[in-house]
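In: What follows is a predicted structure for the sequence shown.
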Amino acid sequence: MNTKRLFAATLKNNPMKLLMSTQTEFVEALSDKKLQHYRNLNALENNDTKPFDWEQAKAFEEIPGPKPLPLVGNTWRFLLPKVGNFYGMDILQIHKQMRQQYGDITIMKGLVGLQPIVVLFNPSDIEKLHRNEGVWPTRHGLPSFAHYRKLRKNILSSGGLICLQGEEWFKFRTVVNPILMQPKNVIHYADKMNFVADELVDNIKYLSEENEQGQMPDDFHNELYKWSLESIGVVTMDTHLGCLKRGSVNEEAQKLIYSVLRMFQLMYKLDVMPSVWKYISTPSWKEYVQVLDFMLKTNLKHINRYIEKIEKGEIDNNQITSALHQMIQIDRNTATAMSVDMMIAGVDTTGRVLAAALYYLAKNPDKQELLRSEANNLLKVKDAPVTKETLSKNVYTKAVVKETTRLSPIAIGNLRTTKKDLVLGGYQVPSGTDVLTSTLMLSQQEEHFPKAKEFLPERWLKTTTGEFSHKNTNPFVFAPFGFGARSCIGKRFANLELETALLKIIRNFELQWPHEDMVFYTTTLHGMAKPLKIHLGRGELGAREEENQVRGLLKEDFREEKGPENRRKSQEPPPPTLGREEVPFRIF
Ligand code: HEM
């Protein structure tokens, strides 16, 4: 029976069995005929036929870019104050300067410890790059992470999706795709996401009671990270880490959050900026290993605990309880490595996007009102659950997520290593070259999105026609989750989490932004450089107090019942700062 039909036919009755049989079939099929087919395709793509326009194109060496000096290359531009033209700039500013100076294609080379990298600003070139990335696209984005995984292969035998390449990557991805990318499977997690979103809403209420003006604390962003960590823990291994619980602090979970944030900061120093960590063990590299060791040890502790429960038969095999539960039916090593990566990749990413969405909604009350009217319509009472059905009708919420990731995608662009010789921007780009697409910059430009600086979720609605419709935009300009076979494996879960949380928050609160515009900063990830000081509208607070009184819960009683008022100030570590600043303390 065709795999897709088998999936559809049995999903209703026994989702777990269905998944096991579907994947077993898939893997079996893959091991012979299909795998050979893909091998053939890959071999075909890797041939050394030159593109038809190769001879007319200019040589690779002529691609414009900052000229390296003998011995010091271009490193001085980043490291020397006053003379270095990239000194103190974030990566987006550097891209802007390079485009202005050199045009639609440019190259950065001569940086100590780094491979030369070609940067593309033209959508047609970006399209050509992706269309030629092959069946097994290669992305050598994070050498420090790949090196760390090699060092720890005695603990985690698979490099995981982020590091694997070629056939190994393909086999891994084939196993996990049906579980993480299949919408019919992902939607099973709606109830769990609803539960975590309720906890977040409850926490926001608690925080608003701590400040009579309704202002969220300076470390509000951290609450959103708690939400993303809690969500991904539940999805990955059906484990509530308990970070959003009122009145208590989960130190281990908090340390996990800081570790993920710190990991991305250190990656910027090791993999994006010139650095000698490949030759000598620098302080940043040593700290990076410590941070990753802590995350690996802690995440494996929870994952192994959960696997033990499965093995002891304590988990109902007829129910889909978690992604790990589903994946382990196929292969333990793959399941473990994927779960570890989910716990790392699913925190800073989704947390940042929710933060940005709340900021844009607070700044644009008219758009917030439109979202609220959808939320009110779909959730009749404030604590109504977001269900599978809700998520099939929430068109405006989906548009809000898209518009947020247009204005504030978390990645500067997408990286590929070319699989064959290509002509890009009129230059010869040989196979094996690292090429980065600068989509963050393009998606903020007027030439691609009219009124580009404005937050207009309507662009993404099917009913919108005319100049603002996204249908008029080159699809290669907007790729917040990447492109093709190697695109983000967590995108469906991320959207599920984000849509659920947004509906719940907007159904319950009125958000305001009585401050100057937020400053964004781009390192390994793009995000906010200042505290997310969202205000909750007075009307809403008043209404909530009334609600409490109706329930016979006076504000004082409520506080007493829920734990010590000062728990945040006294027990929680200081908030992480994003972007420009380092995390202002040492975790280890
Ligand atoms: C809003 C949240 C997120 C955004 C914007 C995002 C974005 C991205 C992007 C741009 C890539 C590179 C894609 C490419 O090269 O074409 C990527 C890859 C990846 N993401 Fe996400 N991500 C998000 C959430 C998540 C979550 C929740 C998970 C966990 C399940 C996750 C796991 C991964 C993994 C494992 C990869 C590597 C995939 C591969 O190489 O095959 N991401 N993500």
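Out: Perfect, thanks for sending it.

In: helix/strand/coil for the residue nearest in space to the middle of the chain?
Out: Compute the mean C-alpha point of the chain, and by C-alpha atoms, centre = their mean the closest residue is Thr349, 3.2 Å away. Assigned by DSSP: H, G, I helix; E, B strand; the rest coil, the conformation of Thr349 is helix.

In: That one and Met295: what is the separation?
Out: Distance check for Thr349 against Met295: by C-beta to C-beta, to the nearest Å, it reads 15 Å. All C-beta spots, glycine's among them, are computed from the backbone N, C-alpha and C.

In: Help me confirm that Gly65 comes into contact with Thr106.
Out: Yes. In terms of C-beta atoms under 8 Å, Gly65 counts as a neighbour of Thr106; the distance is 4.7 Å.

In: Which of the two has more residues huddled nearby?
Out: Remark: of Gly65 and Thr106, Thr106 carries more neighbours, 22 against 19, as counted by other C-beta atoms under 10 Å.

In: is it fair to say that one lies in a strand?
Out: Yes. Under three-state DSSP, Thr106 sits within a strand.

In: Give me the packing partners of the host helix or strand of Ser339, helices and strands only.
Out: Assigned by DSSP states H and E, Ser339 belongs to helix 332-345. Here helix 332-345 touches helix 166-180, helix 220-237, helix 251-267, helix 283-311, helix 323-328, going by 3 or more C-beta pairs under 8 Å, 6 or more residues apart in numbering; DSSP states H and E.

In: Can you add distance to Leu35 and mean pLDDT and give those helices back as TSV?
Out: Shown next, in TSV, are the helices and strands packed on helix 332-345 (distance: least, C-beta to C-beta, whole Å; pLDDT from 0 to 100):
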stretch	distance to Leu35	mean pLDDT
helix 166-180	8	95
helix 220-237	28	97
helix 251-267	33	96
helix 283-311	28	97
helix 323-328	19	95
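
In: Looking at those helices, which one is packed in the most?
Out: The highest mean neighbour count among the helices and strands packed on helix 332-345, using mean count of other C-beta atoms under 10 Å, belongs to helix 220-237: a mean of 26.

In: Kindly calculate the angle that that helix makes with helix 166-180.
Out: Comparing the axes of helix 220-237 and helix 166-180 via axes from the mean of the first three to the mean of the last three C-alpha atoms, to 10 degrees yields an angle of 100 degrees.

In: Go ahead and measure how far helix 220-237 is from the middle of the chain.
Out: Distance of helix 220-237 from the chain centroid (C-alpha atoms, centre = their mean, to the nearest Å) equals 12 Å.

In: And stretch 487-494, by the same measure?
Out: Centre-to-centre, stretch 487-494 and its host chain are 8 Å apart (C-alpha atoms, centre = their mean).

In: What of stretch 372-379?
Out: Counting by C-alpha atoms, centre = their mean, stretch 372-379 comes out at 26 Å from the chain centroid.

In: same question, stretch 258-265
Out: Taking C-alpha atoms, centre = their mean, the mean C-alpha location of stretch 258-265 is offset from the chain mean by 14 Å.

In: is it up against the ligand anywhere?
Out: No. Shown here: stretch 258-265 not in contact with the ligand (C-beta under 6 Å from any ligand atom), separated by at least 11.5 Å.

In: The closest residue in space to Ala356 that isn't next to it in sequence: what's it in contact with?
Out: The shortest distance from Ala356 to any non-neighbouring residue, by C-beta to C-beta, 6 or more residues apart in numbering, is to Ser408 (4.0 Å). By C-beta atoms under 8 Å, 6 or more residues apart in numbering, the contact set of Ser408 is 352-353, 356, 360, 520, 526-527.

In: circling back to that earlier point, find residues that contact each of Gly65 and Thr106.
Out: Counting by C-beta under 8 Å, 6+ apart, the residues touching both Gly65 and Thr106 are Met98.

In: Could I get the full set of strands for this protein?
Out: 105-108, 117-120, 415-417, 422-424, 427-429, 434-437, 511-512, 520-522, 526-528, 535-536 (DSSP state E).

In: Low-confidence bits of this protein, can you list those?
Out: 1-31, 247, 538-588 (pLDDT under 70).

In: who in the chain is up against the ligand?
Out: 139, 161-162, 173, 232, 341-342, 345-346, 349-350, 353, 405, 410-411, 414, 480-483, 486-490, 493-494.

In: among these, which ones are buried?
Out: With burial judged by 16 or more other C-beta atoms under 10 Å, the buried subset of these is 139, 161-162, 173, 232, 341-342, 345-346, 349-350, 353, 405, 410-411, 414, 480-483, 486-490, 493-494.

In: Which of the residues you listed fall in helices?
Out: Of these, the ones assigned to helices by DSSP state H are 173, 232, 341-342, 345, 349-350, 353, 405, 493-494.

In: Closest one of these to Gln182?
Out: Ranked by distance to Gln182 (C-beta to C-beta), those are led by Phe493 at 11.3 Å.

In: residue contacts, that closest one?
Out: By C-beta under 8 Å, 6+ apart, the neighbours of Phe493 are 180, 186, 189, 232, 235, 346.

In: With Arg77 instead?
Out: Contacts for Arg77 (C-beta under 8 Å, 6+ apart) come out as 66, 84-87.

In: Return the closest of those residues with respect to the ligand.
Out: The nearest member of the contacts of Arg77 to the ligand, counting by C-beta to the nearest ligand atom, is Phe86 at 23.4 Å.

In: can you pull the contacts of that closest one?
Out: 77-78, 94, 97.

In: before we move on, what about Arg332?
Out: Arg332 touches Ile307, counting by C-beta under 8 Å, 6+ apart.

In: what about it, distance to the ligand?
Out: 18 Å (C-beta to the nearest ligand atom, to the nearest Å).

In: That residue and Tyr148: what is the separation?
Out: As defined by C-beta to C-beta, Arg332 lies at a distance of 22 Å from Tyr148.

In: quick one, what contacts the closest residue to Thr390 other than its chain neighbours?
Out: Counting by C-beta to C-beta, 6+ apart, Thr390 lies nearest to Leu378, which is 4.8 Å off, once chain neighbours are set aside. Leu378 sits next to 386, 390, 393-394, 503 when contact means C-beta under 8 Å, 6+ apart.

In: and stretch 189-196, how far from the chain's centre?
Out: Centroid separation between stretch 189-196 and its chain, computed with C-alpha atoms, centre = their mean, is 19 Å.

In: What separation do you get for the residue in the stretch 51-200 of the chain that the ligand sits nearest to and Cys243?
Out: Residue nearest to the ligand within the stretch 51-200 of the chain (C-beta to the nearest ligand atom): Leu161, separated by 4.1 Å. According to C-beta to C-beta, Leu161 and Cys243 sit 25 Å apart.

In: got it, and Pro531?
Out: Distance check for Pro531 against Cys243: by C-beta to C-beta, it reads 19 Å.

In: the more surrounded of the two?
Out: Cys243 (26 against 18).

In: Does the more buried one touch Ala253 like I think?
Out: Yes. Cys243 is within contact range of Ala253, at 3.9 Å (criterion: C-beta under 8 Å).

In: intersection of neighbour lists for those two?
Out: Counting by C-beta under 8 Å, 6+ apart, the residues touching both Cys243 and Ala253 are 226, 229-230.

In: Which residue is the nearest non-sequential neighbour of Glu168?
Out: Gly159 (7.8 Å).
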